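>>> Starting from these lines, generate the structure:
(chains A and B)
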Protein chains: 2
Amino acid sequence: MSFKFFALLLAISAVHAETGYDAWLRYAPLSDAAARPYLTALPAAVTVYGSSPVVQNAQRELLRGVRGMLGRTLRVESKLPAESAILLGTAADLQAAIPQAGLRANLPADSYQVTTVAVNGASHLVIAGANDRAVLYGVFALLRKIGTGQRLNDHDPVQSPYAPVRWVNEWNNLDGAIERGYGGRSIFWDKNQARADLTRVADYGRMLASLGIQACSINNVNANPRALASDFIPQIVRIAEAFRPWGVRVALAVDFGSPKTIGGLDTFDPVDPKVATWWKDKIDELYRVVPDLAGIVLKADSEGRVGPSTYGRTHADAANVVARGLQPHGGLLFYRGFVYDHHMDWKNPKNDRGRAAYDNFQPLDGKFDANVIVQIKHGPIDFQVREPASPLFAALEKTNQGIELQITQEYFGQSRHNVFLVPMWKSALDFDLQAGGVTPVKALAAGKTFRRPVGGFVGVSNIGLDDNWFGNHLSQANLYGFGRLAWNPDLSAQQIIDEWTRLTFGNEPKTVETITAMELASWPVFEQYTGPLGLQTLTDIVGDHYGVAVEASERNGWGQWHNADEKGVGMDRTVATGTGYIGQYRPAVATMYESLETCPDDLLLFLHHVPYTYKLHSGKTVIQYIYDSHYEGADAVAGWVRDFQTLRGHIDDQRYSEILAQLRYQAAHVEVWRDAVNNWFHRASGIADAKGRVGNHPGRSEAEAMKLESYTVADITPWEAASGGKAVTCPVSKCTASMQFSGTPGWYTLRVQYFDLNNAVSRFKLWVGNQLVDEWAATDHLPARKLDASSSTRREVSGIALRPGDQIRIEGIPEGRELAALDYLEILPVRQ
Amino acid sequence: MSFKFFALLLAISAVHAETGYDAWLRYAPLSDAAARPYLTALPAAVTVYGSSPVVQNAQRELLRGVRGMLGRTLRVESKLPAESAILLGTAADLQAAIPQAGLRANLPADSYQVTTVAVNGASHLVIAGANDRAVLYGVFALLRKIGTGQRLNDHDPVQSPYAPVRWVNEWNNLDGAIERGYGGRSIFWDKNQARADLTRVADYGRMLASLGIQACSINNVNANPRALASDFIPQIVRIAEAFRPWGVRVALAVDFGSPKTIGGLDTFDPVDPKVATWWKDKIDELYRVVPDLAGIVLKADSEGRVGPSTYGRTHADAANVVARGLQPHGGLLFYRGFVYDHHMDWKNPKNDRGRAAYDNFQPLDGKFDANVIVQIKHGPIDFQVREPASPLFAALEKTNQGIELQITQEYFGQSRHNVFLVPMWKSALDFDLQAGGVTPVKALAAGKTFRRPVGGFVGVSNIGLDDNWFGNHLSQANLYGFGRLAWNPDLSAQQIIDEWTRLTFGNEPKTVETITAMELASWPVFEQYTGPLGLQTLTDIVGDHYGVAVEASERNGWGQWHNADEKGVGMDRTVATGTGYIGQYRPAVATMYESLETCPDDLLLFLHHVPYTYKLHSGKTVIQYIYDSHYEGADAVAGWVRDFQTLRGHIDDQRYSEILAQLRYQAAHVEVWRDAVNNWFHRASGIADAKGRVGNHPGRSEAEAMKLESYTVADITPWEAASGGKAVTCPVSKCTASMQFSGTPGWYTLRVQYFDLNNAVSRFKLWVGNQLVDEWAATDHLPARKLDASSSTRREVSGIALRPGDQIRIEGIPEGRELAALDYLEILPVRQ
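As a prediction, the model looks like this:
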């Protein structure tokens, strides 16, 4: 056989620009010392059995990885050579071709085995897969061992996935936009067609295959009915072809109203035989051209999507009518459990969006067909920084389920904050819902507990066209972590981030220690500054889900959250006095949560309403904990900036500089969060910070208190988004804000807090007396359209010599609707 | 005062792409530990005295450097502050403004002083210059100390330049091409106009000012007469304006025929009064719009340029007629001493181009006006790898002289080989021509020996629009080194390269050690493989001056060179039996050179003709020395590649990767030189290499001896440019050359030697059996237009497993006139 591998060879050039495109599959050269054991252990030849594009691809990947990491090109042999070789193939093909090796002809589904056999005196390294894609999985596993410096064994046990289902969902609209995507536009779609160049789909397939992910739904769950139109289906075929060599199957999200909207029927009632026939015919049509279609994802009766309630039918009716079309083809139907009323009466304290999934689906247990999976978010709400595991996992005994984890960082700082989500996912997956025996969420979701035929993991990934797929290099760890957990949720977060860091940045100890420590801390730190103690949620929940807006979550139909007022805080979900949500858990869990004594502090305010002076198990009051945790979070991120700077020269310049810029932005934005949340609770509670920090900012001058020329004072909404609740904006072509420095002579850092919108580019100049000491333009791309905590950002210049009497002046030059708005100036002594 | 410094602030971002544009003026941040002493020692304020753009620029540069390296923005004070400050200005201005400081009001020309004074109890760091530009020189000197980690003293002695003249010449044509330029097109000219954007001229001015260079001639010495046309002069004005804030003055090269070609006269006879008037009027016209014009450069009667010989006049006549126009304005006339007959009868062994400069100019000593400088190349020929110092320096006692050093690497591998020229220049500058007392060339050229009013240094720089100015990052060291020597030729090569490396790549010891060692070795190594023992010249002297072509230098009018035949080698320049060139030296030097006993080995073949079996002072024969030195040179460059790779992560990725690519190319091209020269002398001498290497290349298969499909065998001219004298070319759309491997099983490196021309892009594929193991395109930009040693280059792929019987096949796919030509395949065991 012959094949090309030009891209492979580019990878061996000295140092190529590290854009992050290759993610954890860089195959960067190992040091000579690290390579030596593998050079000794690995055969020089490779023989592949089977001619499918997937196993051929497995061989190509093996060559690419060995070439990249070890600088050796394996010999491709068309038959078993006399010398040692790596033998690739399905278990069945290998057993048939070399029966004398005594290999197992059958392996559990999607499993692989890496082992050594002797044939005619030569020792061969065998990578056997249960099926084609499992051969790829075995190759990626071997390469991962090499890349992370693990020892190769003569015989590894058969490796099987924990769950039969491992999917990702991409919420990509057909026009190329991505709902909750922060890494650029769609790799799949542009202008309501599949992209002309689908190279990136294939490369994404490679990334998914490296994690053992079998299927990818390629359009938004808020589905455009056009996805099923007959004249559109060829577009789906093209994407399926791009994925296919990587053993990744395509799935579709569909609109439940399709029989009517595009089918020409007068109804989409799921029990109407016409509708059932329409779904069957449509699905048959799909399978004729995409014979390996993995299945369908359906979001119905939620957030404005039509569903069975139109006709008074159940979710089971809706799921089954589509599932029955899929069943003859072996396709799966994922029915999203994310169903709730977003017009709920928030004035009724017994109403609770947290109850919705259980209330909707528990009564239907047993009513779903065998190829339906209820896809359940890991917590009862919606990917918040701290939620208990959804009680629904333990409530469906006769229904297949899958756990939905969100890889895209919708509520986690989007592409701008660094949050490694695996520890959070682990806390849900490992949580024992006590449904009889040991029943962690992972076992329930995978169908192990109640011996369901299918079940598993679905990740909402939403990668895009950005060079690094996510808009943030570190966010790649979340896709990696999802995939690794979906294969084996017993892996620890430490193991996963260690693997990812080594593959992505190399095995140098300093690099590994620094990045893994930062990543393992990142979720707890994010919790510290965005929602400690189970506070739900402090972000702009009806807006961009990004900046802080403490009250945005309250007093609207989208659900109650932190429920804070002047007396206390927290959502009472007890059975005794609250919404009764806790009663959805099995008794042992419910008992623990119901009692303040046993309820863990980190969920306290999710489950209980308490006064601010309530004492936590540590003895600290709730209000002081809120204050402290925000300062601790801000300090931690400032520490990451310092720690990460020690990696200069240890990782490539491009990623170093891009990650550092992101961390610096984050360090500043954490202070927006810190001050907003603390000021809000300070005002609400009327209780002072025991450490005197809240409301006291040494060196800070509010813009509205400075001497203004042409700048005008503006109230900011919400008030906590700006220091002092106010900013200044420039309604003319140039404005200045100035103040006189009265501190001691010395070297200072000047920080200007300003607002950077996405609709224009204001410019700023900073003067000390008549000396221009800094100038910049507001060119960042924040998820920000107005003056609030999402647009608030910081410019810092250090090493400015100040003397008493110096006049410090900020000049703003607005553009269009971006009015060069300023929040404050902060003058801090330089750390010597 | 106020000023902008936006560019400055960009420099403080985390890691910006290191293109090499900032050269040694990067002002990269020092480590905290390195910065601390300067932070302690330096005042926080700066006051500049004087309002000229040059001293204002000096202050701006000081701020930029301190900001970049130390992260501090100095306070700009408009008058002497009460606190400690850095005080900048001319000595006269400083003395007038703060008489109580007791500063000297006069300093020697272009000199500066950095010292500390106390005024009213405050201690001030003073940077005083003899004139405006010397203030800049003082600032750059202070910043250089900081950047290289040197201690700041309270009082440094006055620093004065060694010579009054420090110029660069740029051989830029008005159409934007550069004669002997290897760093892209002209920064000055495009399409016969000054470029619209002259930012780079200003930035080049900054580089020149940092070295104390005062003037730059901005057009080719092979001058376009249009440079003096009245409607063109405004273009010169624009360039002069761009340079002026940096204290760099513009000079022009002129065509001696101008009075006739553009002046409308019927003659350019220098003694004709009409001609004298024309020159005076033209120069007055120039000075009206460029009042600080530095002078004029004139190349006449050389290499096809017209000159005074047309009218039987002397070079003095020619020089003086122009110089007299310049004299009232203080301008200088540089008359190039590079005058020789390139139609010389090469069959007369007494003819010698090496004699020409002396023969032409020595008789005219005393005939040149006081503002004429005879500009003399450092050796008698033309910037060859090893020449003795020109005897003319010691022969002009009553004439001003300047030494011309070539910074652009015309004969030094252009932008493709790494050669640090300072050690070579030092060997000329420090050579004592014994003209009475201690008379090193530098003292003669600077006018010290014979107390001439002017004299000094001229460098031919030829920088271009490439990001790094030279097309090779390491070549920047030659401009730096020229400038530093022009200021102080007593600096050692070690001091200069140490400074340059620290400023350019940082102070990390490993970086400094690795790069300085490589650079200090680079000229001797280049000599080893291109011209040991004074062999003149083995390059393609009538072509591109790049690749090896041993006989190109012989049997044409451009001068005799190595004069090698089957019996011996070398140019007999003795008085006794040769051209008499040695007789041009003063007796002590001539005596040393005339005798084989005392003639240094490294000039042996420049001065003497000897048999191949002649024994050097070491006892080694000439022929064996030639063989050995070529192998030693090749080994040295291969070692640089290994050494440089240890700097990965120690310097920025971009420059690391670009320099590594250049060194790898060089390592391969050295082998082309090695084999061509050794094979030629092997054939000429008929004497075998005592070590058995020459003509024996283990693992090499000549393309012409491989099994060819469609490839045809071609003779290469000169024969030594290809292994075996032949290559294969592909006259159809695809050809293959194959061979059967018969070595032992193992891991191998495959090297394909092929030809890469500039007129098209051939492609190549390399197969082992049916497996594609490499493919590439011939996309390099070599100075190559035909199949010869300039276009010969190498592709190497390592880590290929070979077994006896393997068929190895190279496939060539030509494009246009580039016929995918192959020289040979080399198969070498991988170094384990």
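
>>> can you pull the buried residues of stretch A:177-196?
A:178, A:180-190, A:194-195 (16 or more other Cβ atoms under 10 Å in any protein chain shown). Bear in mind the C-beta positions are built from the backbone N, C-alpha and C, glycine included.

>>> ok, now which ones touch the residue positioned nearest the centre of chain A?
Note on chain A: the residue nearest the mean C-alpha position is residue A:407, at 2.1 Å, using Cα atoms, centre = their mean. Contacts for residue A:407 (Cβ atoms under 8 Å, 6 or more residues apart in numbering or on different chains) come out as A:168, A:421, A:459-462, A:478-479, A:482.

>>> how about 6 Å then?
By Cβ atoms under 6 Å, 6 or more residues apart in numbering or on different chains, the residues touching residue A:407 are A:459-461, A:478-479, A:482.

>>> Give me the distance between it and residue A:615.
37 Å (Cβ to Cβ, to the nearest Å).

>>> Show residues contacting the strand or helix carrying residue A:737.
Here residue A:737 sits within strand A:735-740, counting by DSSP states H and E. With contacts defined as Cβ under 6 Å, 6+ apart, strand A:735-740 is touched by A:701, A:703, A:706-711, A:807-812, A:822.

>>> Now do the helices in the stretch 51-200 of chain A.
A:53-70, A:91-97, A:132-147, A:199-210 (DSSP state H, counting those that start in this stretch).

>>> Return the most buried member of the ones you listed.
Highest mean neighbour count among the helices of the stretch 51-200 of chain A (mean count of other Cβ atoms under 10 Å in any protein chain shown): helix A:132-147, with a mean of 24.

>>> how far out from the middle of the chain is that helix?
24 Å (Cα atoms, centre = their mean, to the nearest Å).

>>> what's the answer for stretch A:195-210, then?
Averaging C-alpha positions (Cα atoms, centre = their mean) puts stretch A:195-210 19 Å from its chain's average.

>>> what's across from the residue lying closest to residue A:298 once chain neighbours are set aside in the sheet?
Distances taken as Cβ to Cβ, 6 or more residues apart in numbering or on different chains put residue A:335 closest to residue A:298, at 5.3 Å, once the chain neighbours are dropped. Counting by DSSP bridges, residue A:335 is bridged to residue A:298, residue A:374.

>>> Okay, buried residues for the longest helix belonging to chain A please.
If each helix of chain A is counted by residues according to DSSP state H, the longest one is helix A:653-685. Neighbour counts over helix A:653-685 (16+ other Cβ under 10 Å) mark A:653-660, A:662-682, A:684-685 as buried.

>>> so which of these are also by chain B?
Filtering those for neighbours of chain B using Cβ under 6 Å from any Cβ of the partner chain leaves A:653, A:656-657, A:660.

>>> all helices for the stretch 551-700 of chain A, in order.
A:587-594, A:604-607, A:622-645, A:653-685.

>>> want to try JSON lines for the ones you listed, with mean pLDDT as columns?
Below are these laid out as JSON lines (pLDDT from 0 to 100):
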{"stretch": "helix A:587-594", "mean pLDDT": "98"}
{"stretch": "helix A:604-607", "mean pLDDT": "98"}
{"stretch": "helix A:622-645", "mean pLDDT": "98"}
{"stretch": "helix A:653-685", "mean pLDDT": "97"}
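
>>> Which one, of these, ends up nearest to residue A:65?
helix A:653-685 (20.4 Å; Cβ to Cβ).

>>> tilt between that closest one and helix A:622-645?
Helix A:653-685 runs at 170 degrees relative to helix A:622-645, counting by axes from the mean of the first three to the mean of the last three Cα atoms, to 10 degrees.
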